[in-house]
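Asks: My questions concern the predicted model and sequence given below.
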Amino acid sequence: MAIRNNVTIEQIRPQLTWRLRNEVLYPNEPLHAMAMDEDNQGLHFGAFTADKLVGVISLFQKANDFQFRKFAISSAFQNQGIGALMLQYITEFAQLQGGTRLWCNARLSAVNFYQKAGFRTTGNTFTRNNITFEVFEKEL
């Protein structure tokens, strides 16, 4: 658990990520569609402020590679540095676990955020469900 700027980040159960995934990333989908088969193989982290869950991120490891997915910050708490804190937290976590690479499929609307955090594009893009993604990575 980490506490920074009145934000607490801690590991949570996958089910606790579903509401924010739904509200922020897939508002037109039913809540039950937020569950992923691989949720039980990952680690899930939540950002809390005043005991309210305001951010979620899921982290999956394959050897020394860590992929994060379903990164969502409540709209009322965006642009307050919570996303940057969460990204820093999982970066440090992956490094402590021996990770050498952290990567994600970034929505095009988030590209600047990842570039500011030191991620670089791999040049790979794809579209899924009418959303275009670009693969970003960071060497640890």
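Replies: Ah, there it is.
Asks: Any stretches of the chain with poor pLDDT?
Replies: By pLDDT under 70, the low-scoring segments of the chain are 1-4.
Asks: any idea how far residue 21 lies from residue 122?
Replies: 24 Å (CB to CB, to the nearest Å). (Glycine included, C-beta is placed from N, CA and C.)
Asks: out of these two, which sits in the more crowded spot?
Replies: residue 21 (22 against 11; other CB atoms under 10 Å).
Asks: part of a helix, is the more buried one?
Replies: Yes - counting by DSSP: H, G, I helix; E, B strand; the rest coil, residue 21 is part of a helix.
Asks: which residues does the closest residue in space to it that isn't next to it in sequence contact?
Replies: Counting by CB to CB, 6 or more residues apart in numbering, the nearest residue to residue 21 once its immediate chain neighbours are dropped is residue 34, at 4.4 Å. Applying CB atoms under 8 Å, 6 or more residues apart in numbering, we find residue 34 in contact with 17-19, 21-22, 26, 70.
Asks: Okay then, goodbye and thanks.
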